[in-house]
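*Asks:* let me see the structure of the following:
(2 chains)
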Amino acid sequence: MTTATEDPLESFYFRHEEQIICGQAVSPITDGFDVKYPSVVDRFFTRYYYFKGDVPYQVLYHSNRICLVCLAAGHPALAQGVASVSFDVGNVDRSQNVVKGKAKKGGMILQAESTLALISTEKGETFKVPSCIRGKLVEVNTALVEEPKLLEQLPEGAAYFAILLPKIENCDSIKASLLTQEQYEQRLEAKKVELNT
Amino acid sequence: MKNQDLVDYLRSCGVCEVCQLRYLKARGSEYKDIKETLRRLDIKVNENEENVGDIVFPEEQPTKKARLSTCSTCLGLFSEEFQRELLQGILTSDFAKYDCQKIVLAISLPMVLQLRQLAMWFALQKRFGASVDGTNPPDVPIKEAVKLILHPIICEKLAKEYDANGLMINIDVTHSLEAGEVEKLVGLNREAFPAKAAHQKRIEISRGLLEKQYQPAKVKAEIFEKYYQIPCAGVEEPLKLVSIDLQGPLVCVAGRYRKLSRELSHTPWILNGQRLMEDSIEEIIIRNVGPHFAEKLEKINFMSSGREDVDVRCLGKGRPFVLEIPNAIRSSLTTEQAYKMEQAVDGSGKVSILNLQVVPREELTHIKTGEEQKKKFYRALCALKEPVTVEILQKLQIPESFDIQQKTPIRVLHRRPLHTRPRTIYSVKAKVQRGNPQALVIDIVTQAGTYIKELVHGEFGRTTPSFASIIGQAIDIQALDVVGIDLDWPPEVDNSPSVE
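*Replies:* This next block holds a predicted model:
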């Protein structure tokens, strides 16, 4: 027996087929592999933060201005354990949002302070998740209602509450109203110092 | 009404022989030898009379004298002088620039011809009574006669074939009486068709209106006569050629393209008036293929069977594309010429084209219809966070088809509606790079319209199932190649010179 046959992956190895295009050999697709390839969030989004009181939320701002509203990693609900998620915020059920066409007609218009969802923790605390930005509600992640634990388990971005589309003309003021990654970290640092003194 | 009586009357009104035949309702080839046709219809041919409208060219009858008067019904449209003038006009236009075997004539005639036809219609009714119908014209309409008489002659003289998709020769013809006669028509129209209500819009005088509304059954002879003479008076002056414009045919050139670069957009990519990439597939192909067919490259329309993202290569047999070239100066392409173009595009080092050929316009439907049914073949370079296991690889060997639900990707959501679309994945086959167990190469066959990048990483759960959900861990995509598009069009042609 040779060592090659002992390799359980042997039958799965990729073999590049030669092809000449434009008079040059086409390079194997594996040539471009990058161990340090940035994640989907790093590739297309900018991280912004919004504080409601002392509670942090994350806004993933896509290069095409689409925004994903998420919990920031330091959100107290994550430490307490999420018990339930609801988009029925009292006067209106956000999960009933319907948009039509390119212009997303019919989407609820939200202000930064508008409550987007409610979460309750295993310790019995309730948080009103704010919309964080002014914009039109495009999509609500109803999977969180069925499985609130996803908020704790899913990788960055996947546990988004909603997708919002701000107006082009508001984008600059929206970005200015949010904290950048750097500002966010500074604020957390400042708070730590404050607690220690 | 005897034919002889009709012809005698027409002759007395100064009607040319061609138009006499028109009023005898002659068809197609009967206009070729006028005297013969007249004879066959038992019409006495008056040899002494001037050969009004005789369709013979001067080089064939050099001694023939110029005609004296103009036909009162066609205003010389069917005269040999007019044909000569027309031919001369075409030859002195840009005609020689066009390398087309097929032509089509589009003649815009003055309304005075229609008015004169109507006057003659009234005159015939007066003269021959009820035997002349009030709804169906007594003659072969001039428009039709132009097709029967002028088209074959011009084609023959230019040694071209007649074809509706050929080089269009737009001929604008007028007459010195036109303006005055149309002016009078405004008055006649008001009297013959009074507006039913005050608010009714004023009817626009047009050729179509004349054709539809102006016939003895709808307009009284007495009213018509207030404005125009019945029968129409003879005229000295013939029709005048205003302009000749040429419009080349729409030529469609098809082929398949392959794309080597991961930094080349499909079409010019312009954002806020700024170019993001200096070149595009569309521009490279048009730059190398266009000049053979057209002078103005801006009007050429580039279409393809789908498109790939900027950073995606298109390999294998390539993607079918078509150039729609309006006002083409040339409609043919030899294999030698096609090969040169293919070589020139290859020179870009970014795009390559194959199977370049001129195709009939009707075949363009292949590229646009059934878009959703087409299968697309992809190869994706994917990355895991941990080295791959046999178990993961086995989960990504899926020979049978399955359906996914895919929401409009966030990257296009700002400009496209939000939908959840079902898409069929026909097969998945994953391999691993030797020596790099985090790198997977996955061959995927999908229904057209599937977003592959989102199929791989699942886009925050917005595409389900995804490769990420199937293997239960994060997987990302780093590179994508299109390796096949299942559309057997255009036909394969090998333009390269045959090797001995």
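*Asks:* quick check, the residue in chain A closest to chain B?
*Replies:* residue A:14 (3.7 Å; Cβ to the nearest Cβ). C-beta here means a position set from N, CA and C on the backbone, and glycine is covered the same way.
*Asks:* give the contact list for residue B:163.
*Replies:* Residues near residue B:163 by Cβ atoms under 8 Å, 6 or more residues apart in numbering or on different chains: B:102-104.
*Asks:* any chance of those in JSON lines, plus secondary structure, neighbour count and pLDDT?
*Replies:* Formatted as JSON lines, those follow (DSSP: H, G, I helix; E, B strand; the rest coil; neighbours: other Cβ atoms under 10 Å in any protein chain shown; pLDDT from 0 to 100):
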{"residue": "B:102", "secondary structure": "strand", "neighbour count": "15", "pLDDT": "90"}
{"residue": "B:103", "secondary structure": "strand", "neighbour count": "22", "pLDDT": "93"}
{"residue": "B:104", "secondary structure": "strand", "neighbour count": "19", "pLDDT": "92"}
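*Asks:* tell me which of those is nearest to chain A?
*Replies:* Nearest to chain A among the contacts of residue B:163, with distances taken as Cβ to the nearest Cβ, is residue B:102, at 36.0 Å.
*Asks:* could you dump the contacts of residue B:163 into JSON lines and include distance to residue B:93?
*Replies:* Formatted as JSON lines, the contacts of residue B:163 follow (distance: Cβ to Cβ, whole Å):
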{"residue": "B:102", "distance to residue B:93": "17"}
{"residue": "B:103", "distance to residue B:93": "12"}
{"residue": "B:104", "distance to residue B:93": "15"}
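*Asks:* now distance to chain A too, for those, in TSV please.
*Replies:* Formatted as TSV, the contacts of residue B:163 follow (distance: Cβ to the nearest Cβ, whole Å):
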residue	distance to chain A
B:102	36
B:103	40
B:104	40
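*Asks:* nearest to residue B:477, of the residues you listed?
*Replies:* Using Cβ to Cβ, residue B:102 is the member of those that sits closest to residue B:477, with 50.2 Å.
*Asks:* and the closest residue to the closest one other than its chain neighbours, what does it touch?
*Replies:* Closest residue to residue B:102 apart from its sequence neighbours, by Cβ to Cβ, 6 or more residues apart in numbering or on different chains: residue B:166 at 3.0 Å. Contacts for residue B:166 (Cβ under 8 Å, 6+ apart) come out as B:100-104, B:160, B:249.
*Asks:* tell me which residues touch the residue nearest the centre of chain A, please.
*Replies:* Central residue of chain A (Cα atoms, centre = their mean): residue A:157, 2.4 Å from the mean position. Taking Cβ under 8 Å, 6+ apart, we find residue A:157 in contact with A:40-41, A:45, A:60, A:68, A:70, B:460.
*Asks:* that one looks like it's in a strand, true?
*Replies:* No - counting by DSSP: H, G, I helix; E, B strand; the rest coil, residue A:157 is not part of a strand but coil.
*Asks:* phi first, then psi, for residue B:240.
*Replies:* phi -120, psi 130 (degrees, to the nearest 10).
*Asks:* can you report how many residues lie near it?
*Replies:* Using other Cβ atoms under 10 Å in any protein chain shown, the number of residues around residue B:240 comes to 16.
*Asks:* got the contact list for it?
*Replies:* Residue B:240 neighbours (Cβ under 8 Å, 6+ apart): B:173-176.
*Asks:* pull out the buried members of these.
*Replies:* B:173-175 (16 or more other Cβ atoms under 10 Å in any protein chain shown).
*Asks:* just the ones of those residues in strands?
*Replies:* In strands, judged by DSSP state E, the following of these are found: B:173-174.
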